[in-house]
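> how does the following fold in three dimensions:
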Amino acid sequence: MTTTTLPQGRTEPLRPDRDPVRVLIVDDEAPLAELLSMALRYEGWEVRSAGDGAGALRTARDFRPDAVILDVVLPDVDGLTVLSRLRCELPDVPVLFLTARDAAEDRIAGLTAGGDDCVSKPFSLEEVVARLRGLIRRCGAVTARAGSTLTVGDLVLDEDSHDVSRGGDFIHLTATEFELLRFLMRNPRRVLSKAQILDRVWNYDFGGQANVVELYISYLRKKIDAGRSPMIHTRRGAGYLIKPGE
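This is a model prediction of the structure:
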C-alpha cells in the first residue's frame, strides 16, 4: 500500500487500489462495535461490522477486509471457528482477537489458532488503533506512514514534530490542547459532540465532566483565534467544529 493525503488533510495508509484501509469488526455487543467503528472511521479507515460468525463470513467475502477485529465469544459459533473459516478465503488477513479480561485461556487459544494479536476488554481505543496499524504493517499490507501534516485554512499542525502555526506564526500548545486541536483538524467542518471529544481526547472511559471540553475549547480559541478570523465554532446543543476563517 501507498500513502496520500485524505480530504481531511491527513496522510493515511491506502490499499493498492488507493481506497482506504478496510477493517471488519465482529462483535455481538452493538454499542462496543459502534464505538470501535467510530474510532476507526475517524482514522480515515473504511469499516463494516457483523454481530455473529455467519454474518462475519458473508461480509468478509464481499468486503475483503485488510484486518479483522474478532470477538472470541459470538452467539452462533465461536471466534476460533470463524477464524478457521476466514483463513480459507483470506489466508493472510491479520486478526485481532477481543477477549474477556480474565480469560487467559481465550488469549492463548486465539493466538494458537492463528490469531495475530489479542486485546482484553475493557480496552483503550487508542491501543486498538495502534495494534491494528502494527498488524497491518507487519503483514505487508501498508507501508510506513509518511509524516502527517494537517492543514485547515492558514492553520497548520505537524503530527510528528507537534509544531502548530497559523498564518506562519508559531503557536505554543499544551499536550492536551494539541490533542484537542488535532482531533478537530482531522474532522474539518464536522460537528463533534462533547461526548465524542471526551472519548477521543480524554479516552472513552474518562470520568470527568463535559465542562472540561468547554474549558479547553476556550483555551484553544485564545491561542488560535485571538485577533484573527474565528476558526473554532460552537453549534449550540450539538458541539464544536473547525473550518477556515472567512
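
> V129 is in contact with I69, correct?
No. Contact criterion C-beta atoms under 8 Å: I69 and V129 do not qualify, at 10.5 Å. (Glycine included, C-beta is placed from N, CA and C.)

> which one of those two is surrounded by more residues?
The neighbour comparison of I69 against V129 (other C-beta atoms under 10 Å) goes to I69, with 25 against 17.

> domain ranges for the chain, per the record?
The record's domain parsing of the chain by the TED database lists 22-139, 149-242.

> looking at those, which is buried most?
Most buried of these, by mean neighbour count (mean count of other C-beta atoms under 10 Å): domain 22-139, with a mean of 18.

> quick check: S165 is in a helix.
No. Under the criterion used here (DSSP: H, G, I helix; E, B strand; the rest coil), S165 is strand, not part of a helix.

> how long is stretch 69-84 from one end to the other?
One end of stretch 69-84 sits 14 Å from the other (C-alpha to C-alpha, to the nearest Å).

> before we move on, back to that, could I get the domains of the chain as TSV with mean pLDDT?
Shown next, in TSV, are the domains of the chain (pLDDT from 0 to 100):
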stretch	mean pLDDT
domain 22-139	84
domain 149-242	86
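
> for this protein, which segments are assigned as strands?
Assigned by DSSP state E, the chain shows strands spanning 3-5, 11-13, 22-26, 46-50, 67-71, 95-99, 117-120, 149-152, 155-158, 164-166, 169-170, 232-235, 239-242.

> need these in JSON lines (columns: distance to R137).
Listed next are the strands of the chain as JSON lines, based on distance: least, C-beta to C-beta, whole Å:
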{"stretch": "strand 3-5", "distance to R137": "12"}
{"stretch": "strand 11-13", "distance to R137": "8"}
{"stretch": "strand 22-26", "distance to R137": "14"}
{"stretch": "strand 46-50", "distance to R137": "18"}
{"stretch": "strand 67-71", "distance to R137": "11"}
{"stretch": "strand 95-99", "distance to R137": "13"}
{"stretch": "strand 117-120", "distance to R137": "12"}
{"stretch": "strand 149-152", "distance to R137": "21"}
{"stretch": "strand 155-158", "distance to R137": "21"}
{"stretch": "strand 164-166", "distance to R137": "27"}
{"stretch": "strand 169-170", "distance to R137": "32"}
{"stretch": "strand 232-235", "distance to R137": "34"}
{"stretch": "strand 239-242", "distance to R137": "30"}
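
> out of those, nearest to R189?
In terms of C-beta to C-beta, the element of these nearest to R189 is strand 239-242, at 6.0 Å.

> dump that closest one to CSV, keeping only the CA atoms.
Extracted in CSV, the C-alpha atoms of strand 239-242 (Å, rounded to 0.1, in the frame of the first residue of the first chain):
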residue,chain,number,x,y,z
GLY,A,239,-20.9,20.5,19.7
TYR,A,240,-17.9,22.2,18.0
LEU,A,241,-16.3,22.3,14.6
ILE,A,242,-13.3,23.9,12.9
